[in-house]
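K.L.:
Kindly generate the corresponding structure for this input.
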Amino acid sequence: MKRAAIPLILLVSGFVLGLLCSVSLRHPAAATPAAVIQKEETPSESAVNTTSLLHTAAAVTNALHDQDYETLSTYVHPTRGVTFTPYSTVDLQRDQNFTADQIKNLSSDTSTYTWGYEDGRGESIQMTMSEYFSRFVFDADYTQAPKVGVDQIITSGNALENLTEAYPDCHFVDFCYPSRDPANEGLDWCSLKLVFLGEKTSWYLVGVVHGEWTI
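P.N.:
Numbering: from 1, shown residues only. The predicted model follows:
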(Lines give C-alpha, C1' and ligand atoms only; values in the text may rest on other atoms or scores of the structure.)
Protein backbone atom coordinates (compact mmCIF):
# COMPACT_ATOMS: atom_id res chain seq x y z
CA MET A 1 0.00 0.00 0.00
CA LYS A 2 2.98 2.33 0.52
CA ARG A 3 3.52 2.51 -3.26
CA ALA A 4 0.35 4.55 -3.72
CA ALA A 5 1.85 7.45 -1.77
CA ILE A 6 4.93 7.78 -4.01
CA PRO A 7 3.43 10.15 -6.65
CA LEU A 8 2.36 12.66 -4.01
CA ILE A 9 5.81 12.59 -2.42
CA LEU A 10 7.32 13.16 -5.87
CA LEU A 11 4.90 16.03 -6.39
CA VAL A 12 6.06 17.79 -3.24
CA SER A 13 9.70 17.11 -4.09
CA GLY A 14 9.12 18.56 -7.55
CA PHE A 15 7.54 21.63 -6.00
CA VAL A 16 10.61 22.17 -3.77
CA LEU A 17 12.92 21.76 -6.76
CA GLY A 18 10.84 24.32 -8.63
CA LEU A 19 11.34 26.83 -5.84
CA LEU A 20 15.08 26.30 -5.84
CA CYS A 21 15.15 26.87 -9.59
CA SER A 22 13.28 30.19 -9.20
CA VAL A 23 10.15 28.92 -10.96
CA SER A 24 7.11 31.14 -10.43
CA LEU A 25 5.19 30.04 -7.33
CA ARG A 26 1.89 30.50 -9.13
CA HIS A 27 2.89 28.10 -11.91
CA PRO A 28 5.40 25.57 -10.49
CA ALA A 29 6.70 22.82 -12.74
CA ALA A 30 4.88 19.57 -11.96
CA ALA A 31 6.98 16.49 -11.26
CA THR A 32 3.93 14.27 -11.84
CA PRO A 33 0.60 14.63 -13.72
CA ALA A 34 -0.79 16.35 -10.63
CA ALA A 35 -0.62 20.15 -10.65
CA VAL A 36 0.00 22.34 -7.63
CA ILE A 37 -2.06 25.52 -7.77
CA GLN A 38 -1.22 28.23 -5.31
CA LYS A 39 -2.54 31.71 -4.69
CA GLU A 40 -0.13 34.59 -5.21
CA GLU A 41 1.98 35.01 -2.10
CA THR A 42 2.23 38.20 -0.11
CA PRO A 43 5.67 39.35 1.07
CA SER A 44 4.99 37.88 4.54
CA GLU A 45 4.43 34.37 3.19
CA SER A 46 7.66 32.45 2.63
CA ALA A 47 8.30 29.67 0.13
CA VAL A 48 9.86 27.62 2.93
CA ASN A 49 6.59 27.71 4.91
CA THR A 50 4.61 26.71 1.84
CA THR A 51 6.93 23.78 1.19
CA SER A 52 6.66 22.69 4.81
CA LEU A 53 2.88 22.92 4.59
CA LEU A 54 2.83 20.68 1.49
CA HIS A 55 5.09 18.12 3.16
CA THR A 56 2.83 18.01 6.21
CA ALA A 57 -0.31 17.69 4.09
CA ALA A 58 1.32 14.85 2.14
CA ALA A 59 2.19 13.07 5.38
CA VAL A 60 -1.42 13.38 6.57
CA THR A 61 -2.83 11.96 3.33
CA ASN A 62 -0.33 9.10 3.51
CA ALA A 63 -1.46 8.30 7.06
CA LEU A 64 -5.10 8.37 5.92
CA HIS A 65 -4.28 6.12 2.98
CA ASP A 66 -2.57 3.60 5.28
CA GLN A 67 -5.23 3.97 7.97
CA ASP A 68 -2.36 4.78 10.32
CA TYR A 69 -4.34 6.73 12.85
CA GLU A 70 -1.58 6.76 15.45
CA THR A 71 0.62 8.72 13.05
CA LEU A 72 -2.34 10.86 12.00
CA SER A 73 -2.98 11.79 15.62
CA THR A 74 0.50 13.32 15.93
CA TYR A 75 -0.53 16.05 13.47
CA VAL A 76 -3.75 17.00 15.29
CA HIS A 77 -3.61 20.29 17.17
CA PRO A 78 -3.01 19.54 20.89
CA THR A 79 -5.66 21.95 22.20
CA ARG A 80 -8.00 22.77 19.30
CA GLY A 81 -8.31 19.21 18.09
CA VAL A 82 -9.56 18.59 14.54
CA THR A 83 -13.02 19.40 13.15
CA PHE A 84 -14.72 17.37 10.41
CA THR A 85 -17.05 18.87 7.79
CA PRO A 86 -18.86 16.52 5.35
CA TYR A 87 -20.07 18.98 2.67
CA SER A 88 -17.78 22.01 2.17
CA THR A 89 -19.75 24.43 4.40
CA VAL A 90 -17.99 24.65 7.76
CA ASP A 91 -20.04 25.09 10.94
CA LEU A 92 -17.65 25.07 13.89
CA GLN A 93 -20.56 25.08 16.34
CA ARG A 94 -22.11 21.88 14.95
CA ASP A 95 -19.37 19.97 13.12
CA GLN A 96 -17.78 17.14 15.08
CA ASN A 97 -14.47 17.88 16.77
CA PHE A 98 -12.06 15.25 18.09
CA THR A 99 -8.88 15.26 20.12
CA ALA A 100 -5.61 13.67 19.09
CA ASP A 101 -6.24 10.77 21.49
CA GLN A 102 -9.65 10.12 19.95
CA ILE A 103 -8.10 10.03 16.47
CA LYS A 104 -5.37 7.68 17.71
CA ASN A 105 -8.04 5.23 18.94
CA LEU A 106 -10.34 5.75 15.96
CA SER A 107 -10.40 2.10 14.86
CA SER A 108 -11.65 0.89 18.22
CA ASP A 109 -14.29 3.60 18.67
CA THR A 110 -17.67 1.99 17.93
CA SER A 111 -19.76 4.98 19.04
CA THR A 112 -22.19 6.50 16.54
CA TYR A 113 -21.96 10.25 16.02
CA THR A 114 -24.12 12.80 14.22
CA TRP A 115 -21.96 14.44 11.55
CA GLY A 116 -24.46 16.67 9.79
CA TYR A 117 -27.18 16.10 7.20
CA GLU A 118 -27.12 14.16 3.95
CA ASP A 119 -27.24 16.19 0.78
CA GLY A 120 -30.53 16.00 -1.07
CA ARG A 121 -32.35 13.93 1.55
CA GLY A 122 -31.80 15.97 4.68
CA GLU A 123 -31.44 12.92 6.89
CA SER A 124 -28.89 13.10 9.69
CA ILE A 125 -25.55 11.43 9.04
CA GLN A 126 -25.27 8.80 11.76
CA MET A 127 -21.94 6.98 11.53
CA THR A 128 -19.04 5.64 13.54
CA MET A 129 -15.71 7.36 13.05
CA SER A 130 -14.48 4.55 10.79
CA GLU A 131 -17.62 4.73 8.66
CA TYR A 132 -17.37 8.50 8.36
CA PHE A 133 -13.71 8.33 7.34
CA SER A 134 -14.57 5.86 4.57
CA ARG A 135 -17.42 8.00 3.22
CA PHE A 136 -16.50 11.62 3.96
CA VAL A 137 -12.74 11.74 4.43
CA PHE A 138 -10.87 9.24 2.28
CA ASP A 139 -13.62 8.44 -0.23
CA ALA A 140 -10.97 8.56 -2.97
CA ASP A 141 -7.23 7.99 -2.98
CA TYR A 142 -6.13 11.55 -2.41
CA THR A 143 -2.45 10.59 -2.51
CA GLN A 144 -3.10 10.39 -6.27
CA ALA A 145 -5.18 13.57 -6.59
CA PRO A 146 -4.57 15.16 -10.03
CA LYS A 147 -4.99 18.70 -8.68
CA VAL A 148 -3.57 20.15 -5.47
CA GLY A 149 -4.32 23.69 -4.36
CA VAL A 150 -2.49 25.69 -1.70
CA ASP A 151 -4.89 28.15 -0.05
CA GLN A 152 -7.03 27.85 -3.16
CA ILE A 153 -10.20 25.82 -3.72
CA ILE A 154 -9.89 23.86 -6.95
CA THR A 155 -13.52 22.89 -7.57
CA SER A 156 -16.75 24.04 -5.94
CA GLY A 157 -20.45 23.39 -6.38
CA ASN A 158 -23.73 24.47 -4.82
CA ALA A 159 -22.49 24.23 -1.22
CA LEU A 160 -21.17 27.44 0.35
CA GLU A 161 -17.37 27.44 0.48
CA ASN A 162 -16.66 29.31 3.72
CA LEU A 163 -13.43 27.62 4.77
CA THR A 164 -11.36 30.81 4.81
CA GLU A 165 -13.98 32.62 6.89
CA ALA A 166 -14.27 29.72 9.36
CA TYR A 167 -10.49 29.37 9.71
CA PRO A 168 -9.14 32.91 9.23
CA ASP A 169 -5.85 32.17 11.01
CA CYS A 170 -5.09 29.01 9.05
CA HIS A 171 -3.84 27.70 5.72
CA PHE A 172 -5.16 24.75 3.75
CA VAL A 173 -4.27 22.28 1.03
CA ASP A 174 -7.00 21.10 -1.35
CA PHE A 175 -6.56 17.62 -2.84
CA CYS A 176 -9.06 17.44 -5.67
CA TYR A 177 -10.44 15.15 -8.34
CA PRO A 178 -12.22 17.56 -10.73
CA SER A 179 -13.78 14.46 -12.27
CA ARG A 180 -13.22 10.79 -11.49
CA ASP A 181 -14.78 9.65 -14.76
CA PRO A 182 -14.69 11.92 -17.85
CA ALA A 183 -18.04 10.49 -18.93
CA ASN A 184 -19.66 12.21 -15.93
CA GLU A 185 -18.47 15.67 -17.05
CA GLY A 186 -17.47 16.77 -13.56
CA LEU A 187 -20.62 15.68 -11.76
CA ASP A 188 -18.55 13.22 -9.74
CA TRP A 189 -15.89 15.66 -8.48
CA CYS A 190 -14.63 15.29 -4.93
CA SER A 191 -12.05 16.95 -2.74
CA LEU A 192 -10.31 16.74 0.60
CA LYS A 193 -9.26 20.03 2.16
CA LEU A 194 -6.80 19.76 5.04
CA VAL A 195 -6.69 22.86 7.24
CA PHE A 196 -3.56 23.63 9.26
CA LEU A 197 -2.60 26.13 11.93
CA GLY A 198 1.05 27.14 11.93
CA GLU A 199 2.78 27.44 15.28
CA LYS A 200 6.50 28.17 15.35
CA THR A 201 8.03 25.55 13.04
CA SER A 202 5.08 23.13 13.01
CA TRP A 203 1.80 22.77 11.14
CA TYR A 204 -1.10 21.32 13.13
CA LEU A 205 -4.22 19.80 11.60
CA VAL A 206 -7.35 21.62 12.80
CA GLY A 207 -9.88 20.93 10.04
CA VAL A 208 -10.81 18.23 7.50
CA VAL A 209 -13.32 19.53 4.96
CA HIS A 210 -14.80 17.10 2.45
CA GLY A 211 -16.31 18.37 -0.78
CA GLU A 212 -18.25 16.74 -3.60
CA TRP A 213 -20.90 17.43 -6.21
CA THR A 214 -24.18 18.17 -4.46
CA ILE A 215 -27.76 18.65 -5.60
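
K.L.:
For Asp188, list the residues it contacts.
P.N.:
Counting by C-beta atoms under 8 Å, 6 or more residues apart in numbering, Asp188 touches 177, 179-181, 213. No exception for glycine: its C-beta is placed from N, CA and C like everyone else's.

K.L.:
Model confidence for it, exactly?
P.N.:
Asp188 carries a pLDDT score of 88 in this model.

K.L.:
returning to that earlier point: quick one: the contacts of Asp188 as CSV, columns for neighbour count and distance to Ser88 too.
P.N.:
As requested, the contacts of Asp188 are exported to CSV (neighbours: other C-beta atoms under 10 Å; distance: C-beta to C-beta, whole Å):
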residue, neighbour count, distance to Ser88
Tyr177, 23, 15
Ser179, 17, 17
Arg180, 15, 17
Asp181, 10, 21
Trp213, 16, 11
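
K.L.:
among these, which two are most distant?
P.N.:
Within the contacts of Asp188, two members stand farthest from each other by C-beta to C-beta: Asp181 and Trp213, at 11.9 Å.

K.L.:
Just read off the phi/psi values of Thr50.
P.N.:
phi -60, psi -40 (degrees, to the nearest 10).

K.L.:
ok, now how distant is it from Val36?
P.N.:
Taking C-beta to C-beta, to the nearest Å as the measure, Thr50 falls 9 Å from Val36.

K.L.:
hang on, Ser73 packs against Phe98?
P.N.:
No. Contact criterion C-beta atoms under 8 Å: Ser73 and Phe98 do not qualify, at 9.4 Å.

K.L.:
Can you tell me which of the contacts of Asp188 lies closest to Asp91?
P.N.:
Nearest member of those to Asp91, counting by C-beta to C-beta, is Trp213, at 20.1 Å.

K.L.:
Spit out the contact partners of the closest one.
P.N.:
Trp213 makes contacts with 157, 186-190, as judged by C-beta under 8 Å, 6+ apart.

K.L.:
Same question for Gln96.
P.N.:
Gln96 neighbours (C-beta under 8 Å, 6+ apart): 83-84, 113-115.

K.L.:
again, but for Val195
P.N.:
So Val195 contacts 163, 167, 170-172, 205-209 (C-beta under 8 Å, 6+ apart).

K.L.:
List the ones among those residues that fall in strands.
P.N.:
171-172, 205-209 (DSSP state E).

K.L.:
Thought Gly149 was touching Leu54, still the case?
P.N.:
No. Counting by C-beta under 8 Å, Leu54 stays clear of Gly149, with 10.8 Å between them.

K.L.:
ok, back up a step: among the ones in strands among the contacts of Val195, which two are most distant?
P.N.:
Top of the distance list for the ones in strands among the contacts of Val195 (C-beta to C-beta): His171 and Val208, 14.1 Å.

K.L.:
more crowded one of the two?
P.N.:
Val208 (24 against 19; other C-beta atoms under 10 Å).
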